[in-house]
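J.: Can you look at this prediction? I've put the sequence above it.
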Amino acid sequence: MLKNQIVENMREQVEKEIVEQIDELVREHIAECLKEHIPQDLQNDVADSKRELREVRLALHNSESRRLNANLRSWSLFSLDADTVKALMGNYEIPDPSDSCDRNLNRFMQFLGVRYQLVDDLTVRFLLFPDVLTR
């Protein structure tokens, strides 16, 4: 029984490796055929178009992020005090609220699935005055 299982496992592994090698050979052959049948200028145009498409998608993503962030700033959520935010976390059963209102707002927004991080005062102070906080 064990011997048959070992043989079967080896057979499966060998078949898998053969399929992977054949796939690689086919990919290489197709790439060579494409080089022969598609002019290099056209291949370069396709590569440039793909690069431009990636750049446009990134710009769209960034634009959408800026729009969403602008909408978030208008929410009255940011005017809540620390106790209200803690109570809100309790209502939604978000564990371990901290004493930091900003940190709790970040966790609440993450809970809602919002990709936005509020920068707390300590982070701003560290970014502006790193020497003062590291002494």
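T.: Arrived safely. Residues are numbered from 1 along each chain as shown.

J.: Which secondary structure state is assigned to Asp96?
T.: Following DSSP: H, G, I helix; E, B strand; the rest coil, we place Asp96 in the coil state.

J.: Phi, psi for it please.
T.: With angles defined as degrees, to the nearest 10, Asp96 sits at phi 60, psi 60.

J.: Pull the number of nearby residues for it.
T.: Neighbour count for Asp96, taken as other C-beta atoms under 10 Å: 7. Every residue, glycine included, has its C-beta placed from N, CA and C.

J.: Leu77 and Asn106 touch, don't they?
T.: No. Under the criterion of C-beta atoms under 8 Å, Leu77 is not in contact with Asn106, lying 11.3 Å apart.

J.: List the contacts of the residue nearest to Ala82 when sequence neighbours are not counted.
T.: In space, Ala82 comes closest to Cys101 once its chain neighbours are excluded; the distance is 3.9 Å by C-beta to C-beta, 6 or more residues apart in numbering. Cys101 is in contact with 80-82, 85, counting by C-beta atoms under 8 Å, 6 or more residues apart in numbering.

J.: for stretch 30-48, how far is the first residue from the last?
T.: Stretch 30-48 has an end-to-end distance of 21 Å (criterion: C-alpha to C-alpha, to the nearest Å).

J.: can you pull the buried residues of that stretch?
T.: Residues of stretch 30-48 include none that count as buried (16 or more other C-beta atoms under 10 Å).

J.: How far off centre is that stretch?
T.: 32 Å (C-alpha atoms, centre = their mean, to the nearest Å).

J.: do the same with stretch 10-27
T.: 32 Å.

J.: follow-up on the earlier one: between the contacts of Cys101, which is closest to Arg11?
T.: Taking C-beta to C-beta as the measure, Arg11 lies nearest Val85 of those, at 60.9 Å.

J.: list the contacts for the closest residue to that closest one other than its chain neighbours?
T.: With sequence-adjacent residues excluded and distances taken as C-beta to C-beta, 6+ apart, Val85 is closest to Asn104, at 4.5 Å. For Asn104, the contacting residues are 82, 85-86, 89, 97-98, taking C-beta under 8 Å, 6+ apart as the criterion.
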